[in-house]
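[1] structure for this input, please:
(2 chains)
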Amino acid sequence: MVSYPFSFVRFWLFVLSLAAGLLWVVPPAALAEGGHAHGGRSHHPQLELPQGKECVKPVEWMRRNHMDFLKQSREMAVREGVRVRSDSLKNCATCHVSRAKFCDRCHAYTGVSPNCFECHHYPQ
Amino acid sequence: MTMATLDRRSVLGLGGAMAAGVVLAPGVSLLAAPVERTEASGDRRWAMLIDLSRCTADCTACLSACRKENNVPLFGEPSRDVHWIRKVEIRDRDRRRPAVNLPVLCNHCEHPPCVHVCPTEASFVRKDGIVLVDEHRCIGCRYCMIACPYKARSLVYHETRRGLESNPGVPIRSKGVVEKCTFCVHRLDEGREPACVEACKAGGKSAMLFGDLNDPDSDIAKRVRSVATKTIRPDLGLKPRVHYQGL
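    Numbers count the residues shown, from 1 in each chain, chains lettered A, B, ... in the order given. Just a heads-up that it's a prediction; the model follows:
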């Protein structure tokens, strides 16, 4: 069995913990954006507020489930022929007027790329 | 008491006004609100009747209306262009009968072979008998294109882009899916006729008639009962729902 000198192991442990500590204090994303230029540590996307007063479902529920909700209403419209005006993607645009400032910003932040808009038109 | 001073005539008048208000109130809301929910009915069987005596060889109004309405792409390659409806010239081999020009589109068969072969269930029959492709599910295997005896289906070979003249109400297609005539299902659900039928009427030909075969009082059901009509390749037993008069 190969045994390393104690001081060698301790040296590398020290270097590793120093690096880990530095990363904890300054995360790589912040380094890439040039430190704390935007003020504060929050990197949540700045979304444009909707124009309407109320969504078709509670906001918290929509945040978590809008993708399944839209998929469900899509299935109903395409395969069953049940079209509900308020549940359609077109209706989102009555309040969320800018796709780029609402949908796209959050999708970019969460790292998802839904392909709805490759074919479907979002009224601007 | 004020009520006691009202005479018989004014009391009756007040009652009448209240009754009128109750009757009118729901009607007023119906006028203002758009239709919130529409559903395809299983009792309907949409069908088309094309009168070939009114359809002329030089007219392509239905073709261009379809292309415009449904954003059907043209790539400029004859072998790969997408057609939802096209005109076919049929000539008698012995030239005993004059050539006929007929618009050919998806026949929305009662027993569609395209649906039968689809491995992903992307092709399906809707409740009202319309054969559709769910392009979200289509993997572009083209089995359906081989199965269809009417050559009604096309594969989208290239990327398409939305242009200024595109219809925003209808999606464009992604590359690698199979598409075909939908009988303008989005218009039917709004209570309108397919774009080709409307264009044919607007052009003064009125060669195309569209309606519900299950409704005995509809124009198409009456015509199919009273006039000799044919379908293309009835021997295959697919029961197509595009009927031709004068074929």
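[2] any idea how far the residue nearest to A:K90 when sequence neighbours are not counted lies from A:Y109?
    Closest residue to A:K90 apart from its sequence neighbours, by C-beta to C-beta, 6 or more residues apart in numbering or on different chains: A:P123 at 6.6 Å. The way it works is simple: take the backbone N, C-alpha and C, and place the C-beta from them, glycine included. Taking C-beta to C-beta, to the nearest Å as the measure, A:P123 and A:Y109 are separated by 23 Å.
[3] do you have the strands of chain B handy? List them.
    B:37-39, B:46-51, B:85-90, B:100-105, B:123-125, B:131-133, B:154-155, B:178-179, B:208-212, B:229-230, B:242-245 (DSSP state E).
[4] now the ones you listed in a markdown table, with mean neighbour count, distance to chain A and mean pLDDT?
    Formatted as a markdown table, these follow (neighbours: other C-beta atoms under 10 Å in any protein chain shown; distance: least, C-beta to the nearest C-beta, whole Å; pLDDT from 0 to 100):
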| stretch | mean neighbour count | distance to chain A | mean pLDDT |
| --- | --- | --- | --- |
| strand B:37-39 | 13 | 5 | 91 |
| strand B:46-51 | 23 | 11 | 96 |
| strand B:85-90 | 15 | 21 | 92 |
| strand B:100-105 | 19 | 20 | 92 |
| strand B:123-125 | 20 | 6 | 97 |
| strand B:131-133 | 23 | 7 | 97 |
| strand B:154-155 | 20 | 15 | 96 |
| strand B:178-179 | 23 | 11 | 96 |
| strand B:208-212 | 22 | 14 | 96 |
| strand B:229-230 | 16 | 27 | 94 |
| strand B:242-245 | 22 | 20 | 96 |
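[5] okay if I get the ones you listed as TSV plus distance to B:R192?
    As requested, the strands of chain B are arranged in TSV below (distance: least, C-beta to C-beta, whole Å):
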stretch	distance to B:R192
strand B:37-39	12
strand B:46-51	13
strand B:85-90	17
strand B:100-105	17
strand B:123-125	22
strand B:131-133	17
strand B:154-155	24
strand B:178-179	20
strand B:208-212	10
strand B:229-230	24
strand B:242-245	19
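[6] tell me the pLDDT at A:G52?
    Listed pLDDT for A:G52 reads 87.
[7] which residues touch the spatially closest residue to it that is not a sequence neighbour?
    Nearest in space to A:G52, with sequence neighbours left out and distances taken as C-beta to C-beta, 6+ apart, is A:C95 at 3.6 Å. A:C95 sits next to A:P50, A:Q51, A:G52, A:C55 when contact means C-beta atoms under 8 Å, 6 or more residues apart in numbering or on different chains.
[8] what about A:C95, distance to A:F102?
    9 Å.
[9] spit out the residues that contact these two alike.
    A:P50.
[10] out of everything not next to it in sequence, what's closest to B:L247?
    Here the residue nearest B:L247, using C-beta to C-beta, 6+ apart, is B:K230, at 4.4 Å.
[11] how near is that neighbour to B:A152?
    B:K230 is 17 Å from B:A152, by C-beta to C-beta.
[12] I'd like to know how many residues surround the residue in chain A positioned nearest to chain B.
    Ranking the residues of chain A by distance to chain B (C-beta to the nearest C-beta) places A:G81 first, at 2.7 Å. Using other C-beta atoms under 10 Å in any protein chain shown, A:G81 has 20 other residues around it.
[13] list the contacts for it?
    B:T38, B:E39, B:A40, B:R126, B:K127, B:D128, B:V185, B:D189.
[14] filter those residues down to the buried ones and hand me the PyMOL line.
    The buried residues among the contacts of A:G81 can be selected in PyMOL (16 or more other C-beta atoms under 10 Å in any protein chain shown) with this line:
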select buried, chain B and resi 38+40+126+128+185+189
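[15] from the contacts of A:G81, which is closest to chain A?
    Nearest to chain A among the contacts of A:G81 is B:A40, at 2.7 Å by C-beta to the nearest C-beta.
[16] that closest one and B:D212, how far apart?
    For B:A40 relative to B:D212 (C-beta to C-beta), the value is 12 Å.
[17] check B:D58 too.
    With C-beta to C-beta as the criterion, B:D58 and B:D212 are 31 Å apart.
[18] please enumerate the helices of chain A.
    Assigned helices in chain A, in chain order: A:6-25, A:28-32, A:59-75, A:89-92, A:103-110, A:116-119 (criterion: DSSP state H).
[19] low-confidence ranges in chain B?
    Along chain B, segments meeting pLDDT under 70 span B:1-8, B:10-34.
[20] most centrally placed residue in it?
    Ranked by distance to the mean C-alpha position of chain B (C-alpha atoms, centre = their mean), the top residue is B:F183 at 2.3 Å.
[21] ok, that residue to B:F210 distance?
    8 Å.
[22] which neighbours do the two share?
    B:W46, B:M48, B:P194.
[23] which positions in chain A make contact with chain B?
    A:74, A:78-86, A:115, A:118-121, A:123 (C-beta under 8 Å from any C-beta of the partner chain).
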